[in-house]
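Student: Need the 3D shape of this:
(2 chains)
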Amino acid sequence: MQRDLGSFPLPPALRAKLIACGFQSAEDVTSMRATELSKEVGISNEEALEVLQIVRRKSSGEESQLSVGLPSFRKCTALELLEEEHAQGSIITFSSALDEILGGGVSVAKITEICGAPGVGKTQLSIQLVVDAQIPECFGGLGGESVYIDTEGSFIVDRVAEVAQAAVRHCHLIAESGRDEAQQEAVKEFSISSILSRIYYFRCHDYVELLAQAHLLGDFLAEHRKVRIVVIDSIAFPFRHHLEDLSLRTRLLNGLAQQLIAMANEHRVAVVLTNQMTTRFGEAQSSLMPALGESWGHTPTTRLILRWEGKLSHLVFATSNHQSRLQLHPPTHASVRGQMTRMGDDVVHWTLIQMVWGGNQTWQARGLLWIHYQARGWIWIAVGPGLAVGSVNPVGLEN
Amino acid sequence: MVILREGICPGATAQLIQALKEQNVKTVVNLVSADIEDLAQKCSISYKTLVAVRRVLLAQYSPFPSNGADLYEELLGSTAILSTGSQSLDKLLDSGLYTGELTEFVGAPGSGKTQVCLSLAVNIACELKQKVLYIDSRGGLSSSRLLQLIQSQVDSMEEQSEALQRIEVVRVFEVHCLLDVLQDLRASSARQATGAHSSVKAVVVDSATAVLSPVLGGHQVEGISLMMQLARELKTLARELGIAVIPTRISVEFDITSCGTLGSRTAPSQPSTGDRGNT
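Tutor: Numbers count the residues shown, from 1 in each chain, chains lettered A, B, ... in the order given. Next comes the predicted model:
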């Protein structure tokens, strides 16, 4: 079987030398010994050995009758795949409508992308998912651990604790109402501290760190076999800033995407990415679409786009003083979903900058922050680079 | 470029090879294009021996031309047309997917390329009862979806599981792995040449650009070469055994999902008659 040398993963300089000396196909190379090869081509013995190893490994796989021993790919029939898919579950989101759309929940071994305008709830959903992945199997969950890679700094531990508390309470209720012993056993170990201890948190400040983390994640997942979800929140932020070369960005993103899907497939994890929105200017109007370009659009297996539909989320926040610090109480679990109401006619348009989240509940704004308040509550306007336009209703104060 | 070696043909002794090497004639091409008289003088080898060796090498390594009529007969005999399962698509493709050719599906994200590929694979497995190799490089293949599509075509559980068994799935996420898979397919088809009924009839590559886009562009010079390697591999596969798809160069607007059908005969040195797919 004539296999061209160009199709082997050889170092380019070596390959150029081999071709210059007349070696075109794998057969030409494998019939020689390392010393002969190094003499003819003019490379060192180690390099010749390396070349022979790579070429022989690939071609000996072809000649053997079994393809099972090959590490590079695995063939199976669709029937076997179906059985595997049924065996692995999916991660529920605690929103039955969303679960229905997703076909049971966020599927394992696939990439799911959550896109939306600022403040629509992407980080909240990701936090919910890292908690949901840990729900014990007897309650219908996966009983696994979670990895959270944070690039924006929006991971607030108190909020995670609140979500975890709600999940624990939910499981307790089920266990108490049912008679299942396994459930009652499992629920004893399922507590806020156990949930928090099984979330592995990584903070990446720019795209280089993110790419490095993605490289190392493979080994990490091989060691921690119980991880069932990897969340990257958000994947858009490091790539949209400080990266001028767009073709480099496309290449890096595509490479990252392939790494992620390979990892998802090999280690059986669900990969969830959060993306931002950008504006596309058409002939007569502009529309919001997911960021990072169209080529990125092919990457995720499932894409969830969250939009505002005129109703606004119920945010409660207060300020301690009229300066650049804004103390925000994140909404409770129930209020985000349950009470999306319009608070009168005080619709105000505001400009949001990239908020740099602090490590605790204090959220600091980059640049100058002006705070105005009206009769019903507080609104804030911040000024800085990067603009997104939205509208929010001020909501009542709760002290 | 085949390197001259001892025993490459009768008459090519080690001495001859060594003498030629000293004159910087290392490959068959060098020998065939060199001036034999001149060479005979310099190497002190007889002119007759050199001419004889050259004739044998030419006979061994050059391709054979064939005339148009033979080619046409061969094409009529070996090409099969696989229906896609959708009448409008069949009409567009002139009654279906042709074996020995590459057919490419291009579209924006979410436009339905993976779904078309899945339904094609299902159609070939259920209706035509042939084997399909589905190479998935994006994780878009879901077996439950395949089952859904199959269930709309056949009713009995047995037939459904048979159809599922006819679809082979390979997951590769890197371009060298993809080349390995295609090479392996060629090797195994060559081995099974006699038992033709169990060989693969169609190869679907979804998607070729996913594996190629990280290596294309920028200062990487091997990206284009890898892409051409892949294209050549797919075309050879199509010609010798069946079809695969061509990866096209990605512009930001496009993505490629490939789909193909496989022919049933080996035709090693036939020139291609004008593909339907395009680079």
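Student: Name the helix or strand for B:Val181, please.
Tutor: Using DSSP states H and E, B:Val181 maps to helix B:175-191.
Student: got it, and B:Lys235?
Tutor: Using DSSP H and E, B:Lys235 falls in helix B:222-240.
Student: what helices or strands is that helix leaning on?
Tutor: Helix B:222-240 sits against strand B:102-107, helix B:175-191, helix B:208-212, strand B:255-260, with contacts defined as 3 or more CB pairs under 8 Å, 6 or more residues apart in numbering or on different chains; DSSP states H and E. No exception for glycine: its C-beta is placed from N, CA and C like everyone else's.
Student: Please state the offset of that helix from the chain centre?
Tutor: In terms of CA atoms, centre = their mean, to the nearest Å, the centre of helix B:222-240 is found 7 Å from the chain centre.
Student: quick one: buried residues of it?
Tutor: Residues of helix B:222-240 classed as buried: B:222-223, B:225-227, B:229-231, B:233-240 (neighbour count, 16 or more other CB atoms under 10 Å in any protein chain shown).
Student: between it and strand B:102-107, how big is the angle?
Tutor: 130 degrees (axes from the mean of the first three to the mean of the last three CA atoms, to 10 degrees).
Student: So B:Lys26 sits against B:Ile17, correct?
Tutor: No: using CB atoms under 8 Å as the test, B:Lys26 is too far from B:Ile17 to be in contact (9.3 Å).
Student: Quick check, central residue of chain B?
Tutor: B:Leu237 (2.1 Å; CA atoms, centre = their mean).
Student: Verify the contact between that one and B:Leu182 for me.
Tutor: Yes: in terms of CB under 8 Å, B:Leu237 counts as a neighbour of B:Leu182; the distance is 5.9 Å.
Student: Next, work out how far apart the residue nearest to the centre of chain B and A:Ser191 are.
Tutor: Relative to A:Ser191, B:Leu237 is positioned 56 Å away (criterion: CB to CB, to the nearest Å).
Student: Then A:Arg56?
Tutor: According to CB to CB, A:Arg56 stands 54 Å off from A:Ser191.
Student: any bit of stretch B:56-65 sitting next to chain A?
Tutor: No: Stretch B:56-65 is not in contact with chain A by CB under 8 Å from any CB of the partner chain; minimum separation 12.0 Å.
Student: what packs against the following helix or strand past the helix holding B:Val181?
Tutor: Moving toward the C-terminus from helix B:175-191, the next helix or strand (DSSP H and E) is strand B:200-206. Strand B:200-206 sits against helix B:113-126, strand B:131-136, helix B:175-191, strand B:255-260, with contacts defined as 3+ CB pairs under 8 Å, 6+ apart.
Student: Can I get those in JSON lines including distance to A:Gly282 and mean pLDDT?
Tutor: What follows is the helices and strands packed on strand B:200-206, written out as JSON lines (distance: least, CB to CB, whole Å; pLDDT from 0 to 100):
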{"stretch": "helix B:113-126", "distance to A:Gly282": "24", "mean pLDDT": "84"}
{"stretch": "strand B:131-136", "distance to A:Gly282": "34", "mean pLDDT": "86"}
{"stretch": "helix B:175-191", "distance to A:Gly282": "36", "mean pLDDT": "83"}
{"stretch": "strand B:255-260", "distance to A:Gly282": "21", "mean pLDDT": "36"}
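Student: Save those as TSV, and put in mean neighbour count and distance to chain A too.
Tutor: Below are those laid out as TSV (neighbours: other CB atoms under 10 Å in any protein chain shown; distance: least, CB to the nearest CB, whole Å):
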stretch	mean neighbour count	distance to chain A
helix B:113-126	24	8
strand B:131-136	24	8
helix B:175-191	21	4
strand B:255-260	27	5
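Student: could you redo those as JSON lines and give each row distance to A:Ala166?
Tutor: Converted to JSON lines, those look like this (distance: least, CB to CB, whole Å):
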{"stretch": "helix B:113-126", "distance to A:Ala166": "36"}
{"stretch": "strand B:131-136", "distance to A:Ala166": "37"}
{"stretch": "helix B:175-191", "distance to A:Ala166": "43"}
{"stretch": "strand B:255-260", "distance to A:Ala166": "40"}
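Student: now for the ones you listed, which one comes closest to A:Pro136?
Tutor: A:Pro136 lies closest to strand B:131-136 among these, at 31.7 Å (CB to CB).
Student: what mean pLDDT does the helix or strand just after the closest one have?
Tutor: Under the assignment DSSP H and E, the closest C-terminal helix or strand after strand B:131-136 is helix B:143-151. For helix B:143-151, mean pLDDT is 88.
Student: Tell me if helix B:143-151 is near chain A.
Tutor: Yes: where contact is defined by CB under 8 Å from any CB, part of helix B:143-151 touches chain A, namely B:143-144, B:146-147.
Student: Tell me the buried residues within those.
Tutor: Buried members of those, counted by 16+ other CB under 10 Å: B:143, B:146-147.
Student: The strand or helix carrying A:Leu81 and chain B in contact?
Tutor: Assessed by DSSP H and E, A:Leu81 sits inside helix A:78-87. Yes: Helix A:78-87 lies within reach of chain B by CB under 8 Å from any CB, at A:78-79, A:81-82, A:84-86.
Student: Now neighbour count and pLDDT too, for these, in JSON lines please.
Tutor: Formatted as JSON lines, those follow (neighbours: other CB atoms under 10 Å in any protein chain shown; pLDDT from 0 to 100):
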{"residue": "A:Ala78", "neighbour count": "26", "pLDDT": "85"}
{"residue": "A:Leu79", "neighbour count": "20", "pLDDT": "86"}
{"residue": "A:Leu81", "neighbour count": "23", "pLDDT": "87"}
{"residue": "A:Leu82", "neighbour count": "18", "pLDDT": "88"}
{"residue": "A:Glu84", "neighbour count": "13", "pLDDT": "86"}
{"residue": "A:Glu85", "neighbour count": "20", "pLDDT": "84"}
{"residue": "A:His86", "neighbour count": "11", "pLDDT": "84"}
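Student: Thank you kindly, that will do.
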